[in-house]
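S.K.: Generate coordinates for the sequence data below:
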Amino acid sequence: MDSKVPTFDADKEKIKRFLQEYQAAKDVPGYGTRQKYLEMMQRVSNRLATLFIVDLEDLELFDEDLADAVRNNTKRYEELFAEVIDEIKMPPTVELTDRSVLDITIHHRQQLAQMAAAQAGEAAPTTPYYPASLQRRFSIAFHTSPSLKPSKIRGIDAQHIGKLVKVRGIVIRATPVKPSLAVATYACEMCNQELYHEIKGPTFMPKMECSSQECATAGRKGRLNLVMRGSRFERFQELRIQEMASDVPPGSIPRAMTVHLRGHQTRSASPGDVVTITGIFLPMPNQGYRAIRIGLLTTTYLDAHLVEQEKIAHADHVLTMAEREEIEERASEPSTYEQLAASLCPHIYGHDDVKKALLLLLVGGVDRSLRDGMTIRGHIHMCLVGDPGVAKSQMLKAICDFAPRAVYTTGRGSSGVGLTAAITKDPLTNELVLEGGALVLADMGVCCIDEFDKMDEGDRTAIHEVMEQQTVSIAKAGITTTLNSRTSVLAAANSVFGRWDDSKDTNENVEFQTTILSRFDLIFVVKDEHDEARDQSLARHVLNVHMRATEAPERVGELTVPFLKKFIEFCRTRCGPRLSAAARDKLASHFVRIREDMKKREDSSRARSAIPITVRQLEALVRIAEALAKMAMQPFVTVAHVDEAIRLFQVSTLAAAAAGTAGDDQAADLDGILKIEMHIKKRFAIGSQLAEARLVADLAEKNFNEAMVRKVVAIMLRRGELEHQKQRRVLYRVR
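M.R.: Below you'll find the predicted structure:
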């Protein structure tokens, strides 16, 4: 045989030398020595570690050919590394107190083997008669260079089978963690011998007849029974990842990949997480009728070695002392609030109050649990309505990319089931399981819903419970449960008239039910107002962004995105301010005053406000004030925080509630409305249809004001007496 041809035996010798002789340039952090693989083997022997990590950068420095062989035939070399570690078998340096049932069983079997050999006058066996994988208490994981760019899911094909790959995607499904049989142990009823069966694939055929030497000599076939206590199980979980929206070519649908997690890797990701996974791309042979139906085609999966989350959750990030001191110093400065808001979406011109509200949405209020078990949400909900082309969708995209956990969806492409939860069948067990929707995936994060006005009314009502109780209740297909959906809802909507009509109120412009409008803490009406000086500044800003891909030169002082994320993270998780007595009195008096003002406005216009001012709005003011106190890192909400919360509430929700009422005070005539409504009901009966333009024209011929006719039609639509059909051109009378 040519000596240049590599063999597995030669590679095992290289692996042995690598593990025993490799030395880093300096002491490795966490190990306290340059010989990190010797230290790692000692920790495995002492039962202090269950994962043996092999860095391919170290292996490449030691032997480049061996590193290439590992990349191209990873599964085989994973077993070779495990065999070499078993052969080296460093003795433990500490007393092993954590002994499992399997350890006790193996020790008992060794003693029985020694006793049997002593009775037969033979030497005691030097090697165990059970497989090494039965007593192995570690797993091998290969890690690639952190600088290696992950591949796209659609770029992984047949040439990567058996190789180590690195892919990036978003987790869309995660099965429960279940035990998977790795080594099956059987006991013979006749000879009491134990047989072992290593499970290599997803399925196996249980052994029924004993194949021991004793049964073969006696000419009998003993029956085997599976011994659960002597078998080895490992944790198993299946993930389904989907490629990112930015990786999908135009006109294509996102592709997905199945990922298998074992042992320590389980529960390392949950639905909604953006992850980078390093693992082995392997085929999965089909079984039974599926193999007959598919033929030569096979399904594939990724055997994960490393799962990294790109966006670490707030609670998972640990700040250094220097970072904490910098954040606390910045929080004490009076200009921090303005700088944080300006740094949130620097590429978007203007909308200063909207940016401040988005900042408060990311920080959130304080979640409170009462003694009777009730909870008061601290998440802030926000809605942007108004003219098209005012960067509403851009702000939603910016928040979605900025938040550690965020889900972006659109009203037209979302259903009630897609937002809450769906009943699906588990591909592994064929059991009915719950699969969370967008609001469940965004738990402890932000759910951005664009084109909120395009969503069907029945689907829009599915988020009522989520916005107030922060849960999703399911009672379908025999499954009755409640899922957590502690998320902030950020919605954007356009006017039904295309552009915002100042002569109409908010409810007429967007046609939302009062029940959904009252659940938003802040409702901003964003208009495209014409002003020569503002238009010049806006054009200069946009052109500078296009030319330099950065902010305009006159905008200075913004904070960096990493610091902004750390600041919001610290405020969100470490601060829990409470209301002071002065802030409480200020909020109470202001709430009474705006309720009184709203009543006077409704009495003068003889029409109910589209956005009611209820206790929900009082709690919204409390949440906004708490978020402001969080950013200032103060233990109590002060009057200054309440004043800013009231100001934001006035320029948003109160302004939206008062929209269109100035014109209504002069034009609203209750008698005229009743007359128009009577003529409409006479014009077409219940169950009939009529073109809206024809109805308006007919009533205009009878000297009724066209604007008043359209207003009465909108009122009857809200009451459910009329419905729009055929792309909103035809009216159908319901009752």
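S.K.: In terms of pLDDT, where does the most centrally placed residue in the chain sit?
M.R.: In the chain, the residue lying closest to the centroid (C-alpha atoms, centre = their mean) is residue 272, at 2.3 Å. On pLDDT, residue 272 comes in at 74.
S.K.: same deal with residue 266?
M.R.: pLDDT for residue 266: 90.
S.K.: Let me see the contact set for it.
M.R.: The contact partners of residue 266, taken as C-beta atoms under 8 Å, 6 or more residues apart in numbering, are 177, 235-237. C-beta: built from backbone N, CA, C; applies to glycine.
S.K.: Would you check how far apart the residue nearest to the centre of the chain and residue 12 are?
M.R.: Noted for residue 272: a distance of 43 Å to residue 12, by C-beta to C-beta, to the nearest Å.
S.K.: same check, this time on residue 567
M.R.: 52 Å.
S.K.: Please say which of the two ends up with more neighbours.
M.R.: Higher neighbour count among residue 567 and residue 12: residue 567, with 23 against 16, using other C-beta atoms under 10 Å.
S.K.: Doesn't the more buried one lie inside a helix?
M.R.: Yes. Assessed with DSSP: H, G, I helix; E, B strand; the rest coil, residue 567 lies in a helix.
S.K.: Look up which helix or strand residue 433 falls in, please.
M.R.: strand 432-436 (DSSP states H and E).
S.K.: in its sheet, what does that strand sit against?
M.R.: Strand 432-436 pairs in its sheet with strand 421-425 (antiparallel), by DSSP bridges.
S.K.: What residues sit buried inside the partner strand?
M.R.: 421-422 (16 or more other C-beta atoms under 10 Å).
S.K.: I'd like the numbering to begin with 9 instead of 1 from here.
M.R.: From this message on, residue numbering opens at 9, which makes the last subject strand 429-433.
S.K.: how much distance is there from it to the middle of the chain?
M.R.: Between the centre of strand 429-433 and the centre of its chain there are 17 Å (C-alpha atoms, centre = their mean, to the nearest Å).
S.K.: tell me the mean pLDDT for that strand?
M.R.: Mean pLDDT, computed over strand 429-433, is 78.
S.K.: Other residues contacting it?
M.R.: Contacts to strand 429-433, defined as C-beta under 8 Å, 6+ apart, come from residues 439-445, 448, 480, 482, 484-485, 487, 491.
S.K.: The same query, at a cut-off of 6 Å, please.
M.R.: 440, 442-445, 448, 480, 482, 484-485, 491 (C-beta atoms under 6 Å, 6 or more residues apart in numbering).
S.K.: Among the residues you listed, which one has the most neighbours?
M.R.: Among the contacts of strand 429-433, residue 445 has the most neighbours (other C-beta under 10 Å), with 27 neighbours.
S.K.: what's downstream of whatever helix or strand residue 125 lives in, the next helix or strand?
M.R.: For residue 125, the host element (DSSP H and E) is helix 109-127. Downstream of helix 109-127, the next assigned helix or strand under DSSP H and E is helix 140-143.
S.K.: in that following helix, what counts as buried?
M.R.: Residues of helix 140-143 classed as buried by neighbour count (16+ other C-beta under 10 Å): 140-142.
S.K.: Just give me the closest of the residues you listed to residue 710.
M.R.: Using C-beta to C-beta, residue 141 comes nearest to residue 710 of those, at 89.7 Å.
S.K.: Report pLDDT for that closest one.
M.R.: Listed pLDDT for residue 141 reads 79.
S.K.: give me every residue that touches it.
M.R.: Here residue 141 is in contact with 191, 206 (C-beta under 6 Å, 6+ apart).
S.K.: what about residue 84, how many residues close to it?
M.R.: 13.
S.K.: What helix or strand is it located in?
M.R.: Using DSSP H and E, the element containing residue 84 is helix 82-96.
S.K.: So which elements touch that helix?
M.R.: Judged by 3 or more C-beta pairs under 6 Å, 6 or more residues apart in numbering; DSSP states H and E, helix 82-96 is in contact with helix 16-29, strand 147-151.
S.K.: any idea which of those is most buried?
M.R.: Among these, judged by mean count of other C-beta atoms under 10 Å, the one packed with the most neighbours on average is strand 147-151 (a mean of 19).
S.K.: so what does that strand touch, helix or strand wise?
M.R.: In terms of contacts (3+ C-beta pairs under 6 Å, 6+ apart), strand 147-151 is packed against strand 59-63, helix 82-96, strand 307-317.
S.K.: hang on, isn't the residue nearest to the centre of the chain packed against residue 449?
M.R.: Yes. Counting by C-beta atoms under 6 Å, residue 280 touches residue 449, with 3.6 Å between them.
S.K.: now the helices for the stretch 409-558 of the chain?
M.R.: Using DSSP state H, counting those that start in this stretch, the helices found in the stretch 409-558 of the chain span residues 424-427, 446-449, 465-468, 472-477, 514-518, 522-525, 540-556.
S.K.: Format those helices as JSON lines; extra columns: distance to residue 399.
M.R.: Below are the helices of the stretch 409-558 of the chain laid out as JSON lines (distance: least, C-beta to C-beta, whole Å):
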{"stretch": "helix 424-427", "distance to residue 399": "24"}
{"stretch": "helix 446-449", "distance to residue 399": "22"}
{"stretch": "helix 465-468", "distance to residue 399": "24"}
{"stretch": "helix 472-477", "distance to residue 399": "24"}
{"stretch": "helix 514-518", "distance to residue 399": "18"}
{"stretch": "helix 522-525", "distance to residue 399": "22"}
{"stretch": "helix 540-556", "distance to residue 399": "10"}
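S.K.: So for stretch 56-68, what gets flagged as buried?
M.R.: 57, 59-60, 62-64, 66-68.
S.K.: One more: stretch 649-664?
M.R.: So stretch 649-664, judged by 16+ other C-beta under 10 Å, has buried residues 649-650, 652-654, 656-657, 659-662, 664.
S.K.: same thing with stretch 255-266?
M.R.: Quick answer for stretch 255-266 (16+ other C-beta under 10 Å): 255-256, 263, 265.
S.K.: And for residue 88, the neighbour number?
M.R.: By other C-beta under 10 Å, neighbour count at residue 88 equals 20.
S.K.: same question, residue 49
M.R.: Number of residues near residue 49 (other C-beta under 10 Å) recorded here: 21.
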